[in-house]
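Student: Starting from these lines, generate the structure:
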Amino acid sequence: MISEQLVDLSRLQFAATAMYHFLFVPLTLGMVWLLVIMESVYVMTGKVVWKDMTRFWGKLFGINFALGVTTGITLEFQFGTNWAYYSHYVGDIFGAPLAIEGLMAFFLESTFIGLFFFGWDRLSKTQHLMVTLLMAIGTNLSALWILIANGWMQNPVGAEFSYQTMRMEMTDFWAVVFNPDAQAKFVHTVSAGYVTGAMFVLSISSWYLLKGRDVEFAKRSFRVAAAFGLASTLSVIVLGDESGYMVGEAQQTKMAALEAMWETEPAPAGLKLIAGINEAEAKNDWEIELPWLMGLIGTRSVSKEIPGIREIKAKNRQRIARGILAVTALEVLRKHRDDPVAKEAFERYKADLGFGLLLKKYVVDVRQATPAIISKAVNDTVPRVTPMFWSFRIMVGLGFAMLLLFALAFWGTLKRGCTPKPWLLKWALWMLPAPWIACELGWVVAEYGRQPWTIYGVLPTHLSVSTLTVSSLYGSLAGFIGFYTVLLIVEIYLMQKFAKQGPGSLGTGRYQQEAAHPATPAHA
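Tutor: Numbers count the residues shown, from 1 in each chain. Model prediction:
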């Protein structure tokens with residue numbers, strides 16, 4: 001049996017690299033569409049300030065993109081190095097969207113990002129705008145295929161286990177592509193990236209306005225960011241509701257943990273705003289809730305119940321019992337592929353094979369599992385409630401705070417030539433980290449909430465890891481954290497450096513903090 005320490009370290013290493021990588025991804029997703037908007041206005045109006053805006057914010061986008069690519073490459077290699085059995089078990093399915101992402105999306109965005117930076121003097125206005133647009137499409141296509149792969153981990157449709165190959169095999173490629181969980185996750189995640197890009201531009205523009213620097217440039221950037229951010233935040237909230245509905249359909253355990261719902265409540269269930277969670281006694285000592293709301297979000301009805309944790313555990317106990325029969329039949333088929341009794345038993349119980357495999361964490365032969373061991377496996381099927389509950393609420397709270405900020409910022413820009421109030425500018429500046437915190441917490445909810453599975457209901461995490469040594473994991477974990485921390489420091493340093501220089505870093509002579517020379521005014 002694989003040691004628990006090996007599994008925990010493998011999870012920690014992948015989580016650390018993924019969370020570092022996702023510090024760069026949302027800004028890339030959001031900034032690229034802001035560049036499309038700014039350059040579109042430049043092409044339509046011919047005003048050079050919009051070209052300068054595109055070039056300046058594009059410079060910050062480029063820094064972030066380069067470091068995002070650097071941190072992302074490691075993740076795909078980790079599937080082979082740290083999660084070898086996972087790659088063997090589901091590689092034919094999981095690898096397909098990742099291969100398409102590399103061949104289609106990554107090469108598309110990488111090609112056009114080069115043309116974006118080096119094509120200003122070689123392409124016409126319209127041609128360069130098309131380059132920027134294709135760069136944005138490539139970036140979002142990259143996210144699409146990655147989230148299709150991740151969505152399949154959350155809701156493994158279009159595939160089934162074959163006892164002939166002892167692996168999961170794809171049965172319907174289009175079911176994988178159009179997996180409703182993947183589609184909801186895609187639109188919700190990219191919208192969160194749009195919010196991140198908008199907040200980045202809004203915050204830095206606010207700093208310029210507070211300093212009284214490059215005011216006309218900053219006002220235009222602020223206005224674009226406020227409008228784009230308002231639309232994007234509304235999108236995140238609406239699509240987050242859809243994502244919540246998908247969780248209620250496909251991952252009832254995650255939904256119950258998110259809501260600290262220990263017992264099945266009469267429909268429609270209320271939404272808990274805050275609660276005193278007592279995991280030791282599997283109850284909430286106190287709670288404040290909004291009636292009906294959770295039932296409407298999770299079921300789209302007033303009559304359908306959302307199962308509580310105790311009911312879910314009772315069902316999972318039954319699934320584990322059936323899973324024991326599936327695993328036993330499969331072990332017979334490994335030796336005698338044509339055994340008719342084993343075939344019939346496996347076909348009857350194969351839907352619960354993954355639940356039987358949960359027992360492999362404690363016993364080699366699942367038939368030897370005692371009631372106490374089965375109870376341990378049952379408890380494993382529900383992630384810890386406290387981190388799920390509070391991660392979700394902090395994420396949602398930040399989302400509504402950003403919605404209010406963008407709404408007030410947009411309202412403040414409706415009067416032409418009006419500079420937003422200083423208190424609003426300071427609020428925008430202090431809110432700069434908010435979308436990153438919300439995005440990281442979103443991944444905690446999605447990934448930690450899937451435990452104990454790498455493929456939900458199919459492959460337990462403890463069976464997915466490679467046979468590595470604990471010392472090698474400690475060494476590589478320290479190396480990754482050290483290297484990625486250096487990259488993050490480099491990113492912050494470069495971003496801060498060019499943000500402080502402002503549009504003057506373009507060297508046009510139209511802005512502050514650069515040597516003046518004859519040129520058109522900034523507001524031309």
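
Student: so what's residue 248 scoring on pLDDT?
Tutor: Residue 248 is assigned 65 on the pLDDT scale.

Student: Residue 176 now?
Tutor: Confidence score, pLDDT, at residue 176: 93.

Student: Just confirm residue 268 contacts residue 299, I think it does.
Tutor: Yes. Assessed by CB atoms under 8 Å, residue 268 is found in contact with residue 299 at 7.2 Å. Bear in mind the C-beta positions are built from the backbone N, C-alpha and C, glycine included.

Student: and the two? which has more neighbours close in?
Tutor: Between residue 268 and residue 299, counted using other CB atoms under 10 Å, residue 268 has the larger neighbour count: 22 against 19.

Student: helix, strand or coil for the more buried one?
Tutor: The local conformation at residue 268, judged by DSSP: H, G, I helix; E, B strand; the rest coil, is coil.

Student: if I pick it, what's in contact with it?
Tutor: 291, 292, 293, 294, 295, 296, 299, 301, 302, 303, 304 (CB atoms under 8 Å, 6 or more residues apart in numbering).

Student: So what does it have for phi and psi?
Tutor: Backbone geometry at residue 268, expressed as degrees, to the nearest 10, gives phi -80, psi 140.

Student: do you know how far the nearest residue to it once chain neighbours are set aside is from residue 473?
Tutor: Excluding the flanking residues, the one nearest residue 268 by CB to CB, 6 or more residues apart in numbering is residue 295, at 2.4 Å. Note on residue 295: its distance to residue 473, by CB to CB, to the nearest Å, is 43 Å.

Student: higher neighbour count, the two?
Tutor: Taking other CB under 10 Å, residue 295 and residue 473 do not tie; residue 295 has more neighbours (23 against 20).

Student: I'd assumed residue 267 was in contact with that one.
Tutor: Yes. Between residue 295 and residue 267 there is a contact under CB under 8 Å: 5.4 Å.

Student: how about the residue nearest the centre of the chain, what does it touch?
Tutor: The residue lying closest to the centre of the chain (CA atoms, centre = their mean) is residue 443, at 4.9 Å. With contact taken as CB under 8 Å, 6+ apart, residue 443 is in contact with 18, 19, 22.

Student: repeat that with 10 Å
Tutor: The contact partners of residue 443, by CB atoms under 10 Å, 6 or more residues apart in numbering, come to 15, 18, 19, 22, 150, 189, 391, 395.

Student: packing partners for the host helix or strand of the third one?
Tutor: The reference is to residue 19. Using DSSP states H and E, residue 19 sits within helix 4-21. Using 3 or more CB pairs under 10 Å, 6 or more residues apart in numbering; DSSP states H and E, the elements in contact with helix 4-21 are helix 48-81, helix 434-443, helix 470-501.

Student: Turn the contacts of residue 443 into JSON lines, including pLDDT.
Tutor: Below are the contacts of residue 443 laid out as JSON lines (pLDDT from 0 to 100):
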{"residue": "15", "pLDDT": "91"}
{"residue": "18", "pLDDT": "90"}
{"residue": "19", "pLDDT": "90"}
{"residue": "22", "pLDDT": "89"}
{"residue": "150", "pLDDT": "90"}
{"residue": "189", "pLDDT": "91"}
{"residue": "391", "pLDDT": "94"}
{"residue": "395", "pLDDT": "94"}
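
Student: Got a quick ChimeraX command for the buried subset of the residues you listed?
Tutor: Per 16 or more other CB atoms under 10 Å, the buried members of the contacts of residue 443 correspond to this ChimeraX selection:
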select :18,22,150,189,391,395
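
Student: Can you tell me the number of residues neighbouring the nearest residue to residue 234 once chain neighbours are set aside?
Tutor: Closest residue to residue 234 apart from its sequence neighbours, by CB to CB, 6+ apart: residue 403 at 6.9 Å. Other residues near residue 403 come to 18 when the count uses other CB under 10 Å.

Student: what's the answer for residue 121, then?
Tutor: Using other CB under 10 Å, residue 121 has 6 neighbouring residues.

Student: how far away is it from residue 41?
Tutor: From residue 121 over to residue 41 (counting by CB to CB), the distance is 20 Å.

Student: Figure out the helix or strand that the nearest residue to residue 50 once chain neighbours are set aside lives in.
Tutor: Of all residues not flanking residue 50 in the chain, residue 42 sits nearest, at 3.6 Å (CB to CB, 6+ apart). Using DSSP H and E, residue 42 falls within helix 25-45.

Student: which residues of the stretch 351-500 of the chain fall in helices?
Tutor: Ranges of helices in the stretch 351-500 of the chain, per DSSP state H, counting those that start in this stretch, are 353-357, 371-380, 385-412, 422-430, 434-443, 470-501.

Student: For the fourth one, what does the pLDDT average out to?
Tutor: The reference is to helix 422-430. Helix 422-430 comes out with an average pLDDT of 94.

Student: Residues touching it, excluding its own?
Tutor: Contacting residues not belonging to helix 422-430 are listed as 199, 202-211, 218, 222, 225-226, 229, 401-402, 404-406, 408-409, 411-412, 419-421 [CB under 10 Å, 6+ apart].
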